[in-house]
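# Only the shape, not the letters, is given here:
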């Protein structure tokens, strides 16, 4: 199995999430630190991806069903969760989502119990870029930067090539939360903050 991201001594203090692809029999690690520092419109902003890995959706996801007819949770994830090599110039088109079925492995922080949840990717999370402005068509909403890789965590900064980059959502202050998985509903039957995210498996279906 190919490990596409090596965790080094520089990563000490980081938690890690294993991503396994059953599509091409590869796997990779990415660090989920307890703290990510950045700056938002001249003010220091700290994100906490380890604690905030999973969040309930709001806005357009308010009132949506928690699961589909097959029992899969509807979710949104950054493009690099599904494609480690996703380009920073990517457009985040729906047609790019080829393998939408995932299984996530969680561990209860108090009991150590592990549970799995089957999921279906409704759409990519476009607000997972690390710098604004950086070629965004609408570049007058302020300034923001976070010291993390693009494509993993929700920063409120849209990908410059995405449709969001041309409008008022180029920098979405309501989406600055550091999450990895956004559930496409405003109601859940478990509390994500009770669990640690251990593994994401991309299913070949």
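Thanks, I have it. It should be emphasised that the depicted structure is a prediction, and the values quoted were computed from it without experimental measurement.
# Spell out the residue ranges of the helices in this protein.
79-82 (DSSP state H).
# what ranges of it fall below the confidence cut-off?
Counting by pLDDT under 70, the ranges of the chain that qualify are 1-14.
# Can you tell me the centre-most residue of it?
In the chain, the residue lying closest to the centroid (C-alpha atoms, centre = their mean) is residue 180, at 2.9 Å.
# ok, the residue lying closest to that one once chain neighbours are set aside - contacts?
Closest residue to residue 180 apart from its sequence neighbours, by C-beta to C-beta, 6 or more residues apart in numbering: residue 53 at 4.6 Å. Where C-beta positions appear, they are placed from N, C-alpha and C, glycine not excepted. Taking C-beta atoms under 8 Å, 6 or more residues apart in numbering as the contact definition, residue 53 lies against 17, 32, 179, 180, 181, 192, 196, 197.
# where's residue 53 relative to residue 33, distance?
11 Å (C-beta to C-beta, to the nearest Å).
# How about residue 204?
If you measure residue 204 against residue 33 using C-beta to C-beta, the figure is 30 Å.
# of those two, who's got more company?
When residue 204 and residue 33 are compared for neighbours, residue 33 comes out ahead with 19 against 11, by other C-beta atoms under 10 Å.
# which one's the longest strand in this structure?
In the chain, with assignment by DSSP state E, the single longest strand is strand 114-124.
# Highest neighbour count among the contacts of residue 53?
residue 179 (28 neighbours).
# May I have the residues that are in contact with that residue?
Going by C-beta under 8 Å, 6+ apart, residue 179 touches 49, 52, 53, 54, 55, 153, 154.
# The second one contacts residue 176, correct?
Put plainly, it is residue 52. No. Contact criterion C-beta atoms under 8 Å: residue 52 and residue 176 do not qualify, at 10.6 Å.
# can you list the contacts of residue 53 in TSV and add distance to residue 159?
Shown next, in TSV, are the contacts of residue 53 (distance: C-beta to C-beta, whole Å):
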residue	distance to residue 159
17	21
32	20
179	16
180	16
181	18
192	24
196	28
197	23
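# Report the spatially nearest residue to residue 141, omitting neighbours in sequence.
residue 171 (4.2 Å).
# ok, which stretches of this protein are strands?
For the chain, the strands defined by DSSP E cover 15-21, 26-32, 36-40, 43-47, 54-56, 73-77, 101-108, 114-124, 131-132, 144-146, 181-183, 195-202.
# Reformat those strands as TSV; add distance to residue 83.
Below are the strands of the chain laid out as TSV (distance: least, C-beta to C-beta, whole Å):
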stretch	distance to residue 83
strand 15-21	9
strand 26-32	11
strand 36-40	22
strand 43-47	22
strand 54-56	20
strand 73-77	11
strand 101-108	13
strand 114-124	10
strand 131-132	20
strand 144-146	21
strand 181-183	16
strand 195-202	9
